[in-house]
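[1] okay, predicted coordinates and the sequence, questions at the end:
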Amino acid sequence: MKTYRAVTLGLPESGKTAYLSCAMSYLVRYDDKWQLQDANRDFLNMMNDTEDIMQSGAWPDKTRSNNKLEFKVDGNAVTVTDWMGEMFEALDDFEAYRDCSEEMKKQFRDSIQNATCLLIFIDGTTIQNYDTTKRIQRCLAGLQLMVEGFHKAGVESKKIAFIVTKCDELTGIAPYCDSTGAVSDDLLLQALQKNFWIFFRYIKNVESWLSHKVYSVSCLPVKEHRRTTLNYGLVATDAWSANDMKEQVAPIADVCFYSKEEIGEDIEWGYWVVEWGWLIGWCIGGGIGWCIGWCIGGVSGGVGGWGIGCLIGLLIGDNLRALRQFL
């Protein structure tokens, strides 16, 4: 079993809590691989209330301090620690931050040090707003100083997911969309690299230790399930459901699984052995069992040997999936 630890970071009002509430509602309700462990009251309330809140035309409340969620996913342990936006903002001058206790500051620093994945949320509607960009630049500078120390100390490698929220409002807007008007993650990456070039230059210098990927997400991905109001702007209609988020959960799902592209060509064969281990085991085990059984007991022995060989092969093949964590 492998343990994955994700930490959420982002300015206040970046859309982090709303996205997590909606995405987690989908995963826990519709994806059988995600099994909640050690549930806490805040999370259970969030799961019970998110759909009602969204359908009413409002948004989930912001994170007040931090919320730690623990899951079992395909045999692996996954922890997601959601921090309030003020903690990310504090990275601008973390040592001088006076609005929280030293104990909380230590917990925040330790959670980043121990994380295998940092989820950095950026409000897509303010991606070119000068004031917001400068705030994020200062926060990323503080984060860079922190992770530089972790790298020098030999802390395990990390992934960074840049999650650009509210992308339903970027549809058709240059320079973020392709020729069809759809939001392009590659074009968003170019925009982030331009805005935060110092941080991306640092990532490039340590890319074997600190990899990154950009995601575009929306809590209102279905056009027919959103409307505009005077008080809240763009909100959900009463037809919204957690199932709307089916195609929006990749940033969370990728916390614990690497895609084939991330695995790399040099071990692609190992990926397929793991994915199709049950079939490989069935074929090889059945074939060997048939040969041994036929030699010992003729045709009837071959049939019996084939059955036993298939069973053993299936068990071995299924266990190959445990190798996923090493690939």
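    Received it, and whenever you're ready, just let me know what you need. Residues are numbered from 1 along each chain as shown.
[2] ranges for the helices of the protein?
    The residue ranges that make up the helices of the chain, judged by DSSP state H, are 16-30, 41-55, 85-90, 102-114, 130-152, 185-195, 197-205, 250-253, 260-263, 268-275, 277-319.
[3] contacts for the first one?
    With CB atoms under 8 Å, 6 or more residues apart in numbering as the test, helix 16-30 has contacts from 8, 10, 34, 36, 43, 46-47, 50-51, 53-54, 59-63, 69, 80, 82, 85, 121, 163, 165, 217, 219, 242-246, 248-249, 251-253. Heads up, the C-betas are built off the backbone N, CA and C, glycines and all.
[4] just the buried ones from these, in PyMOL syntax?
    A single PyMOL command suffices to select whichever of the contacts of helix 16-30 are buried according to 16 or more other CB atoms under 10 Å:
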select buried, resi 8+10+34+36+43+46+47+50+51+53+54+59+60+63+69+80+82+85+121+163+165+217+219+242+244+245+248+249+251+252+253
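[5] the helices of the chain: lowest mean pLDDT?
    Of all the helices of the chain, mean pLDDT reaches its minimum on helix 260-263 (a mean of 38).
[6] apart from its neighbours in sequence, what residue is nearest the residue positioned nearest the centre of the chain?
    Among the residues of the chain, the one closest to the centroid is Ile252, at 2.3 Å (CA atoms, centre = their mean). The shortest distance from Ile252 to any non-neighbouring residue, by CB to CB, 6 or more residues apart in numbering, is to Ala23 (5.4 Å).
[7] against Thr116, how distant is the one you found?
    Spatial separation of Ala23 from Thr116 under the definition CB to CB, to the nearest Å is 18 Å.
[8] go on, Ala90?
    With distances defined as CB to CB, the gap from Ala90 to Thr116 amounts to 22 Å.
[9] same thing with Leu220?
    For Leu220, the distance to Thr116 (CB to CB) stands at 30 Å.
[10] same question, Met146
    Distance of Met146 to Thr116, computed by CB to CB: 16 Å.
[11] do the same with Thr81
    Remark: distance between Thr81 and Thr116 (CB to CB) = 12 Å.
[12] any shared contact partners between the two?
    By CB under 8 Å, 6+ apart, Thr81 and Thr116 have these common neighbours: Arg5, Ala6.
[13] now the nearest residue to Ile53 once chain neighbours are set aside: phi and psi?
    Distances taken as CB to CB, 6+ apart put Pro60 closest to Ile53, at 5.5 Å, once the chain neighbours are dropped. In terms of degrees, to the nearest 10, the main-chain angles of Pro60 are phi -60, psi 150.
[14] go on, Asn129?
    On the backbone of Asn129 - angles per degrees, to the nearest 10 - the values are phi -70, psi 120.
[15] how deep is it tucked in, by neighbour count?
    The local packing count at Asn129 equals 12, with neighbours defined by other CB atoms under 10 Å.
[16] try Glu156
    The local packing count at Glu156 equals 11, with neighbours defined by other CB under 10 Å.
[17] could you do Tyr130 as well?
    Applying other CB under 10 Å, we find 9 residues neighbouring Tyr130.
[18] roughly how far does it sit from Gln137?
    10 Å.
[19] and what of Asp244?
    33 Å.
[20] and if you look at Leu119?
    Spatial separation of Leu119 from Gln137 under the definition CB to CB is 19 Å.
[21] cool, Thr81 as well?
    The separation that Thr81 has from Gln137, given CB to CB, amounts to 24 Å.
[22] Val147 too?
    According to CB to CB, Val147 and Gln137 sit 16 Å apart.
[23] tell me which of the two has more neighbours.
    In this comparison of Val147 against Gln137, neighbours counted by other CB under 10 Å, the higher total goes to Val147 at 22 against 15.
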